[in-house]
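K.L.:
here's my sequence, what's the structure:
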Amino acid sequence: MSERALKNSFRWNPLRSIGTKIALIMIAAIMVFVAVTGAVSYRISKRALEREVTGAYMETAVQTSQKLDFLFHSFDKILLQMLVDKPMQETVLDLLEQKNDPGEYTRLADRLDEILQSYMFSDAYITSIEVLETDGTVIPTRSGLLASKNYGNEDWFKQITENNGRSVWIHHNLDGNRNTNPTITLGRVISGEGASQGYCVILIDIDLAAIKDQVEHVGMGDGGSIQVISPQNQVIYSRNSSQLGRTSEISLPPEGMSKPKFAFLAPDQLKQVVMAKSEINGWFTIGMIPVSEMVKDTKRIFQATLWVLACAFALAVAIGWLVARMIGKPLGRLRELMKQGADGNLKVRTHAVSRDEIGQVGRSFDEMMRHLTELVEQAERSAADMLEMGGELSYVSLNTAETAKEIAAATSEIAKGGEGLASEAERGKQLAQRSKEQTEMLVGTSREMRLLAEDVNATSRTGTEYMAGLISKTGDMEERIGIMTGKVAKLQKSTESISQVLEMLTQLMKQTNILSLNATIEAARAGSFGKGFKVVADEIRELSDEAKRSVDAVSQITGAIRLEIEETAQVLQDSGPIFMEQISSVKQADMLFNQVGAQMNELMRHLALVNGSILELEQSQLLLSDAMIGVSSVSEQSLATSEEVASLSTEQLGISSGLVQLSRKLQVLSGTLKDSLSRFKT
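P.N.:
Below you'll find the model as predicted:
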């Protein structure tokens with residue numbers, strides 16, 4: 001590392017300080033912990049508050065629904081009183097019988113109206129009471145406001161008559177009702193005491209104010225609302241009168257409609273909806289509470305969390321500053337001392353007294369500087385000794401170099417004389433070696449030719465024996481093919497016989513089928529006495545048909561076999577001439593193998609004579625080669641000795657020259673080391 005780079009490494013940067021880093025890490029850790037804890041606490045509190053508020057509003061909806069049930073039950077009791085009202089029953093029945101007598105009909109209608117008026121005066125919310133015949137025709141009275149016509153085809157009328165004498169609640173104004181205020185209607189079939197069939201249908205129109213008085217004071221928080229809706233999601237009551245009779249903006253979930261109470265979040269996620277189901281008519285009392293209203297108290301928790309986060313940040317900054325000062329200041333002082341040490345001042349010391357890790361680092365720094373001081377002093381002494389020894393080594397190496405030059409010159413003259421002798425001896429050795437190699441190659445070639453001839457002779461004998469066996473086997477094959485051809489001809493005759501037998505069986509099956517048909521005809525003529533015989537005849541005919549199918553299948557298989565046999569016979573006939581040509585070719589090959597065997601025996605005899613001459617030439621060549629090797633060996637030893645002496649002399653001269661240069665470099669390095677060590681202050 002250069003001196004400039006070393007100085008740059010000691011420049012202080014606050015962002016690179018370990019104290020600053022530790023302080024930032026502590027601040028970040030504290031802030032993250034406090035923020036996460038606050039967020040989790042806020043969410044838990046918010047959810048708990050939502051559950052508690054939802055439960056409270058749920059109880060409000062249930063209590064409101066119970067109040068409405070009490071109201072609905074009071075109107076239902078009026079219908080029950082009418083059910084057991086004997087004078088009313090007699091008046092209605094008489095009225096239905098006196099339709100053709102206007103005077104009596106009017107008198108009875110007035111009497112019925114008096115009875116109905118008494119019921120109307122019993123509850124201020126009843127606006128009108130209608131009486132209808134069981135076919136839907138209105139019985140006109142002053143207590144009723146329904147237009148006079150037949151309502152038998154109306155859905156609400158069918159629902160009343162098909163409800164087995166139970167009350168039916170209608171959540172909207174009936175068509176033809178002259179009531180100007182919104183109403184709900186309670187209807188029921190009225191039957192006499194002990195009678196299974198009703199004699200009229202009573203409709204009680206109830207002012208919607210009855211529900212309004214029970215619901216309008218029920219609070220659902222600021223911005224909340226309450227409604228009464230039907231199972232068909234139609235608004236029966238709402239503080240906003242424009243919504244009456246329309247589809248509610250809140251769709252009831254199917255899973256909540258079967259429960260007495262239920263709570264869910266609106267699709268827009270802005271309202272919490274609570275609902276309670278009426279036990280009387282199944283209508284739902286629903287409350288809609290803004291979620292923001294429910295969790296408004298959690299804002300204070302959120303603000304408290306922000307304050308805690310701000311305090312935690314201030315505390316974290318204070319702790320970080322304290323930690324940075326406790327760690328950064330001692331490290332900064334140590335950094336300055338190390339910078340001075342890098343500049344060459346080895347006298348600096350920290351004199352640390354603390355027992356923490358920073359104090360241990362300071363004491364280690366002091367120990368390191370003491371060791372460096374001792375090392376520099378020892379290096380200065382060693383440099384002086386090296387400078388002195390370098391001078392002595394330079395003087396000795398110069399004398400050695402001069403002596404090595406004289407020895408190298410003398411050795412070079414000796415080496416030149418032995419080089420000529422060694423060159424001629426090497427040439428003779430190479431010629432002898434080449435002659436020896438050619439002789440050995442000739443001997444090897446002769447041996448290979450002999451071995452090849454023996455192999456060819458053995459192969460010829462083996463081929464002759466093989467051809468003799470092949471001729472014998474080919475004759476046997478020819479004889480067997482003749483036998484096979486005869487057997488195939490016999491097999492053809494056998495298949496023809498099978499075909500004839502199958503033809504006979506086919507004719508027999510036809511006759512059997514005809515007989516079974518005749519038997520069936522006779523059985524039919526015999527009538528009931530021939531039923532058993534007819535069954536037997538049918539079975540015989542079925543067996544005959546099955547046998548015919550089997551014979552046809554066998555006939556097809558036999559035909560295929562006959563075709564294959566004919567093809568095999570044709571192939572065997574075509575193969576006869578080919579086997580004859582093969583036998584002729586085998587005999588000619590046998591003659592050729594015999595001729596080759598005779599010629600190879602003559603060739604092996606001549607090769608034996610040539611091999612003997614070559615062996616004599618090889619012995620002579622070996623003697624010549626040994627003699628040339630001896631001469632070459634002596635000359636090579638002489639030349640090698642001269643070259644070795646010359647090489648040693650040259651090497652000694654090079655070593656002496658290198659030693660001179662090394663001694664000079666040693667002097668230069670010793671001076672440089674001494675100058676470098678002089679920079680350190682010890």
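K.L.:
which other residues reach stretch 540-551?
P.N.:
Applying C-beta atoms under 8 Å, 6 or more residues apart in numbering, the external contacts of stretch 540-551 come out as 502, 505, 506, 509, 510, 512, 513, 515, 516, 517, 519, 520. (Each C-beta comes from the backbone N, C-alpha and C, glycine too.)
K.L.:
filter those down to the buried ones.
P.N.:
502, 505, 509, 512, 513, 516, 519, 520 (16 or more other C-beta atoms under 10 Å).
K.L.:
same list, these, but as a markdown table with secondary structure please.
P.N.:
Formatted as a markdown table, the buried ones among the contacts of stretch 540-551 follow (DSSP: H, G, I helix; E, B strand; the rest coil):
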| residue | secondary structure |
| --- | --- |
| 502 | helix |
| 505 | helix |
| 509 | helix |
| 512 | helix |
| 513 | helix |
| 516 | helix |
| 519 | helix |
| 520 | helix |
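K.L.:
count of neighbours near residue 300?
P.N.:
Neighbourhood size, residue 300 [other C-beta atoms under 10 Å]: 10.
K.L.:
so which helix or strand takes in it?
P.N.:
Using DSSP states H and E, residue 300 maps to helix 298-342.
K.L.:
pLDDT of that helix, averaged?
P.N.:
What helix 298-342 shows for mean pLDDT is 76.
K.L.:
just checking, what packs against that helix?
P.N.:
Under the contact criterion of 3 or more C-beta pairs under 8 Å, 6 or more residues apart in numbering; DSSP states H and E, helix 298-342 touches helix 3-9, helix 18-83, helix 357-526.
K.L.:
among these, show the one with the smallest mean pLDDT.
P.N.:
helix 3-9 (a mean of 46).
K.L.:
next, give me the two most distant ones among the contacts of stretch 540-551.
P.N.:
Spanning the widest gap among the contacts of stretch 540-551 are 502 and 520, at 26.6 Å by C-beta to C-beta.
K.L.:
export the contacts of stretch 540-551 to CSV and tack on distance to residue 489?
P.N.:
Below are the contacts of stretch 540-551 laid out as CSV (distance: C-beta to C-beta, whole Å):
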residue, distance to residue 489
502, 21
505, 25
506, 26
509, 31
510, 33
512, 35
513, 37
515, 40
516, 41
517, 43
519, 46
520, 47
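K.L.:
out of those residues, which is nearest to residue 228?
P.N.:
residue 520 (85.8 Å).
K.L.:
chain neighbours aside, what residue packs nearest to the closest one?
P.N.:
Closest residue in space to residue 520, ignoring its immediate chain neighbours: residue 537 at 4.6 Å, by C-beta to C-beta, 6 or more residues apart in numbering.
K.L.:
host element of that neighbour?
P.N.:
With DSSP H and E as criterion, residue 537 is part of helix 531-677.
K.L.:
which stretches of the stretch 51-200 of the chain have low pLDDT?
P.N.:
193-196 (pLDDT under 70).
K.L.:
again, 80 this time
P.N.:
Low-confidence segments of the stretch 51-200 of the chain, defined by pLDDT under 80: 192-197.
K.L.:
how close does the residue nearest to residue 520 get to residue 550?
P.N.:
20 Å (C-beta to C-beta, to the nearest Å).
K.L.:
when the two are compared, which one has more neighbours?
P.N.:
Legend: neighbour count by other C-beta under 10 Å for residue 537 and residue 550, higher for residue 537 (21 against 12).
K.L.:
pull the contacting residues for the more buried one.
P.N.:
Here residue 537 is in contact with 516, 517, 519, 520, 523 (C-beta under 8 Å, 6+ apart).
K.L.:
partner residues bridging the closest residue to residue 159 other than its chain neighbours?
P.N.:
Of all residues not flanking residue 159 in the chain, residue 168 sits nearest, at 5.4 Å (C-beta to C-beta, 6+ apart). Beta-bridge pairing of residue 168 under DSSP bridges involves residue 187.
K.L.:
isn't residue 168 up against residue 184?
P.N.:
No: with contact defined as C-beta atoms under 8 Å, residue 168 does not reach residue 184; the gap is 11.2 Å.
K.L.:
who has more neighbours out of the two?
P.N.:
For residue 168 versus residue 184, neighbours defined as other C-beta under 10 Å are more numerous around residue 184 (25 against 19).
K.L.:
doesn't that one fall inside a strand?
P.N.:
Yes: the assignment for residue 184 (three-state DSSP) places it in a strand.
K.L.:
how close does it sit to residue 277?
P.N.:
Distance from residue 184 to residue 277, by C-beta to C-beta: 17 Å.
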